[in-house]
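Asks: I'll drop the sequence and a predicted model, then ask my questions.
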Amino acid sequence: PAAPPALPPAGPHQVVVRGPWFTDQTTLLVGARTVGRTHPDRWALEVLAQMLDQELTQEIRYRRGLVYGLGAGNAWFDDTGYLVIQTTSAADNWTTIEQAIAEAIAAIQQGEVAADRVTDAQALLQGRWALDMEDNMARASWLAQWPAVLADDEPVPDYPAGIAAVTPADLTRVVETYFTPPRRYVGLHQPVLTVDSGARLAAVVLAGVAGLGAAVGVWGLRRRRRRAAG
């Protein structure tokens, strides 16, 4: 497999993008660079992402009511990967949400991982994978990703078995390993022109144009009257 690209020398990294969007909500992404599809830690990172998805949805969406939806996942590539937690919220909520995410990750790093939480995440991942494999295209996609990165005598990984082998201690270990400053990142998309603000701006412009047109019409009418009177 391809060698992973070098890590940047410092962090955590924050990227802010400002531009037009459909709504005035801020999009927030929090995560860390992880490992590629052949690394043994990929299974623990899958379980970690699923557990964070469940717990942060419960805390941030249902208990605090700050978002309508939240998702977490771990992406694999041949040479590297990333774990990401993503949501959208009102612009004044994103710092609170980021803090809640940081607290959840810190708790896992400190070993606060209940075995039943891990079991629930594993069952969801295994069940979802089994359903996906009933679809021929999904099964073909799963199998097609491996020949380029496995040795000739190396079998295709057993996803359910890999997930089942993850322990609470593995989750603490991968958080300690991958949620380090050089690997961590925060991404923000902050809208500066939305559908609503664009509509208001257009209304103002149209009103100004209409007002200017009316003023020009009145001026022209008065001018014609003066000429007729002269």
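Replies: Yep, that arrived. Numbering: from 1, shown residues only.

Asks: Flag every buried residue along the strand or helix carrying E46.
Replies: Using DSSP states H and E, E46 maps to helix 42-56. Neighbour counts over helix 42-56 (16 or more other C-beta atoms under 10 Å) mark 42-53, 55-56 as buried. Using the backbone N, CA and C atoms, a C-beta is placed for each residue, glycine as well.

Asks: Quick one: mean pLDDT for it?
Replies: Average pLDDT, helix 42-56: 97.

Asks: Which residue ranges of this structure form helices?
Replies: Ranges of helices within the chain are 42-56, 94-109, 115-132, 136-144, 159-164, 168-178, 195-229, based on DSSP state H.

Asks: looking at the ones you listed, which is closest to V16?
Replies: helix 94-109 (10.8 Å; C-beta to C-beta).

Asks: between that closest one and helix 168-178, how many degrees?
Replies: Counting by axes from the mean of the first three to the mean of the last three C-alpha atoms, to 10 degrees, helix 94-109 lies at 120 degrees to helix 168-178.

Asks: Residues in contact with helix 94-109: which ones?
Replies: 26, 28, 30, 48, 52, 55-56, 59-60, 64, 66-67, 85, 87, 89, 171-172, 175-176, 179, 186, 188 (C-beta atoms under 8 Å, 6 or more residues apart in numbering).

Asks: right, and P160 touches M133 too?
Replies: No - taking C-beta atoms under 8 Å as the definition, P160 is not a contact partner of M133, at 9.7 Å.

Asks: Buried subset of the contacts of helix 94-109, written for ChimeraX?
Replies: Applying 16+ other C-beta under 10 Å to the contacts of helix 94-109 leaves a buried subset, and the ChimeraX line that selects it is:
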select :26,28,30,48,52,55,56,59,60,66,67,85,87,89,171,172,175,179,186,188
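
Asks: For the residue positioned nearest the centre of the chain, list the residues it contacts.
Replies: Note on the chain: the residue nearest the mean C-alpha position is Q86, at 2.8 Å, using C-alpha atoms, centre = their mean. If you count contacts by C-beta under 8 Å, 6+ apart, Q86 has them with T27, L28, L29, V30, L70, G71, A72.
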